[in-house]
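Participant: Return atomic coordinates for the entry below.
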Amino acid sequence: MKKVIVGIGEILWDMLPGGKALGGAPANFAYHASRLGEEGWAVSAVGDDPLGAEIMEIVAEKRLNHLIAVTDQPTGTVRVSLDAKGVPSYNITEDVAWDNIPFTPEMEALAVRADAVCFGSLVQRMASRDSVLRFLRATRPEALRVFDINLRQHYYSREVIDESLKLADILKINDEEIRIVADMFGLGDDDTAACRALIARYGLQLVILTKGADGSEVITEDESFPQKAGKVKVVDTVGAGDSFTAAFVVAYLRGLSLSDAQRLANETAAYVCSCKGAMPL
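Facilitator: Model (predicted):
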């Protein structure tokens, strides 16, 4: 039987200088879980507006299972601007639809069925936090809970990170984020040691530490599995991290070794980098 794999959180439009692009880690995660043969679900919210209607059209076109509520708040947008050197900065609009995901009976029923759920910190900045936590607490004890931390701007706190780690089985974090978390919790200057300290403190099964072009490292209580990133002609990197997480979770649920799960994740992320957009066919 297919595994039920859920991404819960933000869905939005990145408003780029050259036009808009669909964004939101949970939907990307769910899409790639589906593409790899499992039953992926995206849980979020959009507004009752043209931007929301367009998102729903794309989700239908991609044949992605979803529980996407339509709310009175506007569909989420992120204004992206580039400086003279092309370095982007972001303005994530507040109090939008995905900030107000309602917890529904359908969500509770999906939580009970879920074999894995992936969530982040950004969606917990406002009212949606309650729905995310209720969803996580409604999952079965054996369900895999993956905290893809995704620190954005100032939209996180020690409280949110601490509570999320208490509920998580796996943490996915990048090399910039581990420095923030290590400083916040006083875990020292060594990234691998900081990850092991989090494993010990929160009873995590493992930590996935991604390092951009330098690859990734899967860290357990007593082992470490580094892998180099694959060589690929990059078209864009949008959604690559989400596809990595999805592929790793799919492989992990199928019982593959950590090295093989990581290898599938790297290959999937490399493929996404070679395509335009976060949800290539």
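
Participant: Please enumerate the helices of this protein.
Facilitator: Counting by DSSP state H, the chain has helices at residues 25-35, 50-61, 105-113, 128-138, 158-167, 175-185, 191-202, 240-253, 258-273.

Participant: low-scoring stretches of the stretch 151-281 of the chain, by residue?
Facilitator: The stretch 151-281 of the chain contains residues with pLDDT under 70 at 230, 235-239, 276-278, 281.

Participant: how does it look with 80?
Facilitator: Within the stretch 151-281 of the chain, the set of residues satisfying pLDDT under 80 comprises 212-213, 229-240, 270-281.

Participant: Pick the most buried one from the helices of the chain.
Facilitator: Of all the helices of the chain, helix 25-35 has the most neighbours on average by mean count of other C-beta atoms under 10 Å, namely a mean of 28. In this view, the C-beta of every residue, glycine as well, is placed from N, C-alpha and C.

Participant: What angle do helix 258-273 and that one make with each other?
Facilitator: Angle, helix 25-35 to helix 258-273, by axes from the mean of the first three to the mean of the last three C-alpha atoms, to 10 degrees: 110 degrees.

Participant: Going by contacts, tell me the helices and strands next to helix 25-35.
Facilitator: Applying 3 or more C-beta pairs under 8 Å, 6 or more residues apart in numbering; DSSP states H and E, one finds that helix 25-35 contacts strand 4-8, strand 39-47, strand 65-71, strand 116-119, helix 240-253.

Participant: Make TSV from the helices of the chain and add distance to Ser89 to it.
Facilitator: Listed next are the helices of the chain as TSV, based on distance: least, C-beta to C-beta, whole Å:
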stretch	distance to Ser89
helix 25-35	19
helix 50-61	21
helix 105-113	34
helix 128-138	24
helix 158-167	23
helix 175-185	16
helix 191-202	26
helix 240-253	19
helix 258-273	23
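
Participant: So which of the ones you listed is nearest Val4?
Facilitator: helix 105-113 (4.9 Å; C-beta to C-beta).

Participant: Just want the angle from the closest one to helix 128-138.
Facilitator: 40 degrees.

Participant: Name the residues that touch helix 105-113?
Facilitator: 4, 6, 41, 43, 67, 117, 131, 134-136, 138-140 (C-beta atoms under 8 Å, 6 or more residues apart in numbering).

Participant: Stretch 259-272 now?
Facilitator: Under C-beta under 8 Å, 6+ apart, the answer for stretch 259-272 is 32, 36, 208, 215-216, 218, 225, 227, 229-232, 237, 239-241, 243-248, 250-252, 256, 278, 280.

Participant: can you check stretch 214-228 too?
Facilitator: Contacts for stretch 214-228 (C-beta under 8 Å, 6+ apart): 175, 192, 195-196, 199-200, 205-211, 229, 244, 258-259, 261-263, 265-266.

Participant: Please identify the buried residues of it?
Facilitator: Neighbour-count burial for stretch 214-228, with 16 or more other C-beta atoms under 10 Å as criterion, is recorded at Ser216, Glu217, Val218, Ile219, Phe225, Gln227.

Participant: Stretch 36-45 now?
Facilitator: Those would be Leu36, Glu38, Glu39, Gly40, Trp41, Ala42, Val43, Ser44, Ala45, for stretch 36-45 by 16+ other C-beta under 10 Å.
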